[in-house]
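In: Sequence and predicted structure are below.
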Amino acid sequence: MIERAAHRLRQGLHALTAFARPLDEAEAAAVLPLPLLGLFRRMRRSEQQHSLRVLRVLQAQGHTHPDLLAAALLHDVGKSRYPLTIFGRVMVVLARAAWPRQAAVWGAGEPRGWRRPFVIAQQHPIWSAEDVAAAGASPLVAALVRRHQEQLDAAARSEEDRLLALLQAADAASD
């Protein structure tokens, strides 16, 4: 529990200080074709930086699968439809820790009112997948992005599951 809280605190600090840290868009441009790079550019600076950290973790581990690397950069692009405030993020994290089932219920529906942060947190993978598919990404990129918050229940059975496990581990390591 303390480790998870520290992880979330680091994420919050990264988001609050994003404006002061440089952003190397060239790393994203080396991986993404122009239509997908446009999606990357649509994200908030803190989310771009997070996505670049996920990419770097995967590359440092020697992963070169182009769909995995594209998914690393675009897994959170759906959040750009309805940006989350820091307060909203904190509210979701606390509610998910205290009342995970209720937080999931609050995440259904439209992103309006006090439930907005819960809906964004829960539904952004679907929106991300829709956006990357519409921009011409491969079906595998769209699937990895759509499933990036999905709980894998067993050992990776398919290539998609194997890549998803890698993406999730890099995402978790990239606060």
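Out: That came in fine, so what should we check first? Residues are numbered from 1 along each chain as shown.
In: and the longest helix for this structure?
Out: helix 116-134 (DSSP state H).
In: ok, M43 - how many residues close by?
Out: M43 has 22 neighbours, counted by other CB atoms under 10 Å. (Each C-beta comes from the backbone N, C-alpha and C, glycine too.)
In: how close does the residue nearest the centre of the chain sit to D171?
Out: Taking CA atoms, centre = their mean, the centroid of the chain lies closest to D76, which sits 3.3 Å from it. From D76 across to D171, the span is 9 Å (CB to CB, to the nearest Å).
In: before we move on, what about G109?
Out: 25 Å.
In: Of these two, give the one with the bigger neighbour count.
Out: D171 (21 against 14).
In: What about the nearest residue to the residue nearest to the centre of the chain once chain neighbours are set aside, how many residues nearby?
Out: Leaving out its chain neighbours, the residue that sits closest to D76 by CB to CB, 6 or more residues apart in numbering is E47, at 5.1 Å. Per other CB under 10 Å, the neighbour tally for E47 reads 20.
In: In which helix or strand does E47 reside?
Out: helix 45-60 (DSSP states H and E).
In: packing partners for whichever helix or strand comes after that helix?
Out: As assigned by DSSP H and E, the chain's next helix or strand after helix 45-60 is helix 66-74. Secondary-structure packing of helix 66-74 (3 or more CB pairs under 8 Å, 6 or more residues apart in numbering; DSSP states H and E): helix 34-42, helix 45-60, helix 116-134, helix 139-146, helix 159-173.
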